[in-house]
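Chemist: no sequence for this one, just the structure:
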């Protein structure tokens, strides 16, 4: 069943919704990256919670005009309007009053959501209209969706993605270097506004798929995950879009196969699973690779110190050092150097002496910054320079007995 | 309205609402000043999986397992956020966003997968609780407050919330000076030997206890609102922490009472048959009060100086 869903074999509606979810996930991943880079990820939480009163009011208005209140476009328009008011309220509170942005976000989020809940209970008591399904906006539900709704979602997700692609360049510039963007004549305030508009679009389109409580995850998790895999911005944007698309596609497909489960949580958990894997396994920034780097470094330090101790005939008490030296075949279990060990120790000692001469010479000031007790001197100096150093080493040996 | 009607139906929910509002607003003052206002939001999301797991383990919806489950989930969340922040070198806000959404999603899935039809546990309940259902059946009027047999059947949420409020107030009172100093000047607090890290953690834990205790009675939305709106509104009224805390308590109480009354009786005035969500209305009222202070508050602007000389 799940395979059927993943291969888009569950009928036209499910296919449309799954593809729509994928497009939305891509738009959210890309748009979320800019939000993440501007460190405003949680503003989207306020926007998404602020959609609820709009949904309620749109429903009541549509019922008052004699409709069923189920028209998705009408509901989404209401959601967009109240989310816009919420966004204005957040920026007004955080710029015009002394309140910090987090307090503004939290208050708008809770108050709008609370008012939305009030409206939902009002709707419960209305006798007219088809009120079943409004709860679906909380956590997303794609089961039993009408054909027209599925089309609306797929088309608007595609439009949102197109919008993201159009705005990509100015957004990248403004996210990374707002001062430079201003100096090139770009209106950064307007770009920020466009970014928030984009987030608003993602939120509203995602209401039916992911639900308003969890849509913020679709904007945060893919960029954070993408950051593990690359150090380059343009790549972060691409990877975040890809990951967002994959999580939304897989999640929507699973939910189409298992209709009892709300769609939003599954999409979020698929995204989180990818995040957890990346946290563990990503090259360089992942946990496994960080541990490996740490042990490799530790090994180098211990080997170096062990060799210097061998060269000076000092006993080695540190067990780890001894074990590493034995593993390399440079020492015997009682701490006596083998033949290769002796020559390695002599080389380490000679390198150390060369470094010391080099560091006492002001001419080598730049080179001596490379000294960390581990870097081989051959990687810093040319053979000629080393030969020069060695001449002075002999001189040293003569002068200081 | 007569006591015979008010005491059984409205007294307990109204008092619970007040206790919740004040218990959340007190630590909220410091959270807002420390720019940690969204911690309440995060906590109320992550306790859901804890409560669901507690239900799955014990099979009942009772107080202590729920509290332990919720507290456990909060601890797991704090550890996970720290781990992601340090191991993955990710900014705190984003790490928080990853964890609280993922844990909430996990909680919802668990809830939908398990059979909770026999008990009162669902996502809607977790979000906006059911303040109105706290009915004191055995009460007959004001006299019941002094009647021992009637008092024994008072809904357990009320004494629990009262206890939480006492605990929170005691914490605020005992640690007033350290909290005040470390909130405004953490560097100075450290130089005079305060353990600011532990104090900050203790504040978050107290906030979590208030949130968890309130959660089951009134749902998460009112908790988030009460952590932020009354302190934020109070912040716009005064420049002194003592006054701010007093204002925030006042605003919390006004929101709770007016919200409950409007939700319960407002629709009747307009000729509707039934009431609306009290939790939602309390949150809305706190927002209205915040809006008023944001427009008219004497200290609403940044850099507003304390009026001196009186």
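Modeler: In hand now; what should we look at? On a predicted model such as this, the values are computed, not experimentally measured, just so you know. Numbering: from 1, shown residues only, chains lettered A, B, ... in the order given.
Chemist: For residue B:25, see how far away residue B:47 is.
Modeler: Residue B:47 is 19 Å from residue B:25, where distance means CB to CB, to the nearest Å. For the C-beta atoms, the positions are set from N, CA and C on the backbone; glycine is no exception.
Chemist: hmm, who's touching stretch A:227-247?
Modeler: With CB atoms under 8 Å, 6 or more residues apart in numbering or on different chains as the contact definition, stretch A:227-247 has outside contacts at A:22-23, A:25-30, A:32-33, A:36-37, A:168, A:172, A:175-176, A:218, A:221-223, A:225-226, A:267-268, A:270-271, A:274, A:278-279, A:282-283, A:285-286, B:88, B:90.
Chemist: One more pass at 7 Å, please.
Modeler: With CB atoms under 7 Å, 6 or more residues apart in numbering or on different chains as the test, stretch A:227-247 has contacts from A:22, A:25-26, A:28-30, A:32-33, A:172, A:176, A:218, A:222-223, A:225-226, A:267, A:270-271, A:274, A:278-279, A:282, A:285-286, B:88.
Chemist: Pull the number of nearby residues for residue 52.
Modeler: Since no chain was named, I'll use chain A. 30 (other CB atoms under 10 Å in any protein chain shown).
Chemist: Wait, chain B was what I had in mind.
Modeler: By other CB under 10 Å, neighbour count at residue B:52 equals 27.
Chemist: Please apply the same query to residue A:373.
Modeler: 11.
Chemist: Look up the closest residue to it, ignoring the ones flanking it.
Modeler: Once flanking residues are discounted, residue A:373 sits nearest to residue A:304: 6.4 Å by CB to CB, 6 or more residues apart in numbering or on different chains.
Chemist: next SSE after the helix or strand containing that neighbour?
Modeler: Using DSSP states H and E, the element containing residue A:304 is helix A:287-311. Counting by DSSP H and E, the next helix or strand C-terminal to helix A:287-311 is helix A:319-328.
Chemist: which among the contacts of stretch A:227-247 end up buried?
Modeler: Among the contacts of stretch A:227-247, those scoring as buried are A:22, A:25-26, A:28-30, A:32-33, A:172, A:218, A:222-223, A:225-226, A:267, A:270-271, A:274, A:278-279, A:282, A:285-286, B:88 (criterion: 16 or more other CB atoms under 10 Å in any protein chain shown).
Chemist: What about those, which are in strands?
Modeler: Taking DSSP state E, every one of the buried ones among the contacts of stretch A:227-247 sits outside strands.
Chemist: if you look at those residues, which of them are in helices?
Modeler: Per DSSP state H, helices hold the following members of the buried ones among the contacts of stretch A:227-247: A:22, A:25-26, A:28-30, A:32-33, A:172, A:218, A:222-223, A:225-226, A:267, A:270-271, A:274, A:278-279.
Chemist: out of those, which touch chain B?
Modeler: Checking those against chain B by CB under 7 Å from any CB of the partner chain, the ones in range are residue A:279.
Chemist: who in the stretch 151-300 of chain A is up against chain B?
Modeler: Contacts of the stretch 151-300 of chain A with chain B, taken as CB under 7 Å from any CB, map to A:213-214, A:216-217, A:220-221, A:224, A:228, A:260-262, A:264-265, A:268-269, A:272, A:275, A:279, A:285, A:287.
Chemist: Write a PyMOL command that selects only the buried members of those residues.
Modeler: Buried residues among those (16+ other CB under 10 Å), as a PyMOL selection:
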select buried, chain A and resi 213+214+216+217+220+221+224+228+261+262+264+265+268+269+272+275+279+285
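Chemist: where does the chain have low pLDDT?
Modeler: Since you didn't name a chain, this refers to chain A. Along chain A, segments meeting pLDDT under 70 span A:1-2, A:5, A:127-133, A:144, A:394-401.
Chemist: To clarify, I was referring to chain B.
Modeler: The model of chain B has pLDDT under 70 over residues B:1-4, B:115-121, B:271-273, B:304-310.
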